[in-house]
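Asker: structure for this input, please:
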Amino acid sequence: MFRFALGLQGIFQQATRSSLALCLYLLLQLCTSFLHAETLDLNQNWEYRWGDSPFQNGVPTWTLEPAPEAWKPIDFPSNPPGRDGREQVWYRTLIPDADWRDPVLYIFSVDLITEVYIDGQQIYHYGEFDAKGRGQFEGWPWHMITLPEDAAGKPIYFRVFSNYLDIGLWGEVKVMERTALYQRILEGSMHNLAIGAFSLIVALLCLLFAPFNRERLSLLSLALFSFSHAGLAISASQAKQLLFHNPLLWEYISAGCYYIMPVALALLLRSWYHERYPKLFNRLVALFGAYFIAALGLSLAGITSLANTYPPFDMLFAICVPSMLLVVARHWPHATRDQRLLLLATSIMTLLLLLDMAVAHSLLPWGQVPVGIGSLLFSLAVVVLSLNHFSRTQKALARLNATLEVRVAERTQALEELARREAQRVKALEFANLKRSMLDELVSEMESRADIEQALACLYRRTEDLCAPIPGALYKLNADEPLLPESQRWGDARDFPTNLDIEADTSLGNRHLMLRIQYDTPLEQRKLEAILLLDFNEESALVGELSRNTLQLLFTRAIERINLTLSKVALQQLLNRFSYEDALTELHNRRYLDQMLTHELARGERTQTEIALVICDIDHFKQLNDNYGHAAGDHVLQIVAQQLRQAFRSSDIICRYGGEEFVVVLPDTCLEDARVRAEQLRMGMAAKSIVIEGDRIGSVTLSAGVSSGRAGTIDADTLLQQADQALYRAKQSGRNRVLTAPDEGEDPDQRGAVVQT
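Answerer: Residues are numbered from 1 along each chain as shown. So this is what the prediction gives:
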């Protein structure tokens, strides 16, 4: 792969060479006064020989053996007949005899690499030959070969390798003085360097003005077009090697600019004729853009030689670009003056490129085609267009200045109105931020409440502060009737009704805003709690400054957030209830029992009190379910839950333990008191006659076990286990009775009260 990086030594050598070349150019005029040697063209006595010479001790034998029968004459050392795919050829000729001081051999270009020999000694090489006499493309620079002092009249040999279409020397081959060659190179490059610099300036100006112009696509296309022209002009100047001697890099610059030029041209024409030919220019951009990427990418990757990418592109260019220009030339009568000028300059540039292409492929005799002139004409056309545009802009500015004072006055008035609105906006933001802060505090406080009633009480307490200074009233719903009595009033609200009909009220004016305080629950759906009525009187200073719409929007969103918070609290309350409550009996569940029993034991340990526990079970509950169905069983469970609430204190913890079992925790209660309450429960349940769907099923009995202990000396598992054992004994003893857990060492049959029914 081609390497762009250069060593420090190479950079120093190139800088030194460039500086010396410029110094020599300044001394040319002094030197020409005593340099009288003429420049001679080597265009006679050339011979060629296909193949590659064998080498002995590093010396090619063909340079030492005359072998006149093996060499064939040729007019110019390029493309001998009968190539047939061969890639090595030798050329030779005689150095003319003249009075030289510092003679050099100048070659315009070589296809592709070469070695030069005199008397069997190599005096110059460009590129590296491998063992098979092959090498890689290194660019197309001009060559300056230093000749030995005694070279006059001697044969000179050229070893050439090329896998390109052409093979051999190309353009011009001359013998001259070194200083004369420098003068020739610099003088011949000045116009290309000037054209390149001018094109660069045009490109930069197009880039500068593109963001501020409506036709930015055209300007960007012109910039790309000018950049490609500049690259072609500078890379076509032979002085580039004196400034920076890296021929292959210059070839990549030249090829890139050459390959991107049709892309720029297609983009430029697309900006003018996109509506007429929407697909044509897009396809051309894609085609040449893909070739640009593929050609440079494959050559940089070493897959192909950069030289071999030129012929396919030349063919593509020769077919597509003139065709594209012919297509748009059909619209010449309808084109603007600017478009005609650019099309004419582009056509001239394209014609010169086609002529240069024909010379490069030997379709025309060799000669330097002034491609730079085409670039100059194009750049001048862009300058002319810019001047015309500048002139039109100046006229537009003159017309604009004529009405400037009127527009300034209008702008001043608009700025004053804007300032007024900005002040109003700032005040609205300050008011909104204040109310938003108050609303955040209110919402946070409401969310911390355990139930919806507490959250509503918090809201009602702070409603006046939240709405002030807007006058208002709050109507709380305390019945199912549509008439809501007034419960709060603040501010100057003289026109407010004393009660409000929420279904059909026509007494409110347009200045009043009615907001509903309501929330959603999964069970009751939407529930209305209150009506907030606000008075947006236009005479109010605040309403005049902030506008009624702003205030209405602010308070409407605030109530929406409050309603959302109430819905959240209601949902949270319901979830808490479902988490700790049995859905059938509405008693606490076992999860709640586990938490509260541990909590009560810890509290009793601090207060040094006793705690009792009762476990009760419905007798023959399975038989009841089998005889009357599960619905009857559920009904009995609900009746037992009601009896439990009646028999025990509100401070006692009543839970459904599972199935037909219930547990009651009695804080600060001794064993005897707990037994008495359990006995009351049993008796009340036994005395109750139960009727289900007209069927009298009689009484339902309970069995219960009671345990107790001093907090700190007994744990929850032991308390539950002892009560459960007592319940088991009650079941075994005949059911419908209450037994207590026996003390240690005491006969279980002698402990507790036993009642048989």
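Asker: the bottom helix or strand of the protein by mean pLDDT?
Answerer: Among the helices and strands of the chain, helix 8-26 carries the lowest confidence by mean pLDDT, DSSP states H and E, at a mean of 40.
Asker: quick one: residues in contact with the helix or strand where Tyr48 lies.
Answerer: Assigned by DSSP states H and E, Tyr48 belongs to strand 46-50. Strand 46-50 is contacted by residues 62, 70-77, 80, 82-83, 86, 88-93, 168 when judged by C-beta atoms under 8 Å, 6 or more residues apart in numbering. Heads up, the C-betas are built off the backbone N, CA and C, glycines and all.
Asker: any idea how the chain splits into domains?
Answerer: Following automatic domain parsing, one finds the domains of the chain at 38-185, 190-395, 435-579, 582-750.
Asker: these two touch, right, Ile611 and Leu671?
Answerer: No: in this structure Ile611 lies outside contact range of Leu671 using C-beta atoms under 8 Å: 10.2 Å.
Asker: shared neighbours, those two?
Answerer: Counting by C-beta under 8 Å, 6+ apart, the shared contacts of Ile611 and Leu671 are Ser708.
Asker: of these two, who's got more company?
Answerer: When Ile611 and Leu671 are compared for neighbours, Ile611 comes out ahead with 26 against 20, by other C-beta atoms under 10 Å.
Asker: hang on, the more buried one is in a strand, isn't it?
Answerer: Yes: secondary structure assignment places Ile611 in a strand (DSSP: H, G, I helix; E, B strand; the rest coil).
Asker: from here on, call the first residue 655.
Answerer: Okay, residue one is now 655; in that scheme the one you just asked about reads as Ile1265.
Asker: for it, list each beta-bridge partner.
Answerer: Pro1321, Gly1363 (DSSP bridges).
Asker: for it, give me its contacts.
Answerer: Neighbouring residues of Ile1265 by C-beta under 8 Å, 6+ apart: 1254-1255, 1258, 1319-1323, 1362-1365, 1373.
Asker: now, of the residues you listed, which are buried?
Answerer: Buried by 16 or more other C-beta atoms under 10 Å: 1254-1255, 1258, 1319-1323, 1362-1363, 1365, 1373, out of those.
Asker: in stretch 725-742, what counts as buried?
Answerer: Within stretch 725-742, the residues that count as buried by 16+ other C-beta under 10 Å are 725, 728, 730-734, 741-742.
Asker: let me fix that, I meant to ask about stretch 1243-1257.
Answerer: Residues 1243, 1246-1247, 1250-1251, 1254-1255 are the ones in stretch 1243-1257 that count as buried (16+ other C-beta under 10 Å).
Asker: between those residues, which is nearest Lys1081?
Answerer: Tyr1246 (53.1 Å; C-beta to C-beta).
Asker: where does that closest one fall, secondary structure wise?
Answerer: Per DSSP H and E: helix 1244-1261 holds Tyr1246.
Asker: any idea how far that helix is from the middle of the chain?
Answerer: With C-alpha atoms, centre = their mean, to the nearest Å as the basis, helix 1244-1261 stands 57 Å off its chain's centre.
Asker: which strands or helices does it pack on?
Answerer: Under the contact definition 3 or more C-beta pairs under 8 Å, 6 or more residues apart in numbering; DSSP states H and E, helix 1244-1261 sits against helix 1202-1234, strand 1264-1272, strand 1307-1312, strand 1315-1321, helix 1370-1386.
Asker: who's in contact with that helix?
Answerer: By C-beta under 8 Å, 6+ apart, helix 1244-1261 touches 1233-1235, 1242, 1264-1265, 1267, 1307, 1309-1312, 1317, 1319, 1321-1322, 1364-1366, 1368-1370, 1373-1374.
Asker: what's the ChimeraX line that selects buried ones from these?
Answerer: A single ChimeraX command is used to select the members of the contacts of helix 1244-1261 judged buried by 16+ other C-beta under 10 Å:
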select :1234,1235,1242,1264,1265,1267,1307,1309,1310,1311,1317,1319,1321,1322,1365,1368,1370,1373,1374
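Asker: is His727 in a bridge, and if so with what?
Answerer: One thing to correct before we go on: residue 727 is Pro, not His. Glu701.
Asker: count the neighbours of Asp1371 for me.
Answerer: When counting by other C-beta under 10 Å, one arrives at 9 neighbours for Asp1371.
Asker: gap between it and Arg1329?
Answerer: With distances taken as C-beta to C-beta, to the nearest Å, Asp1371 is found 21 Å from Arg1329.
Asker: now Arg1075
Answerer: Distance from Arg1075 to Arg1329, by C-beta to C-beta: 81 Å.
Asker: before we move on, what about Ala1365?
Answerer: In terms of C-beta to C-beta, Ala1365 sits 19 Å off from Arg1329.
Asker: do Leu801 as well
Answerer: 134 Å.
Asker: for Glu1107, same thing?
Answerer: As for Glu1107, its distance to Arg1329 is 38 Å (criterion: C-beta to C-beta).
Asker: so where do the helices sit in the stretch 1055-1204 of the chain?
Answerer: Listed in chain order, the helices of the stretch 1055-1204 of the chain (DSSP state H, counting those that start in this stretch) span 1058-1101, 1106-1121, 1195-1200, 1202-1234.
Asker: list the helices and strands the first one packs on?
Answerer: Secondary structure elements in contact with helix 1058-1101, counted by 3+ C-beta pairs under 8 Å, 6+ apart, are helix 1106-1121, helix 1195-1200, helix 1202-1234.
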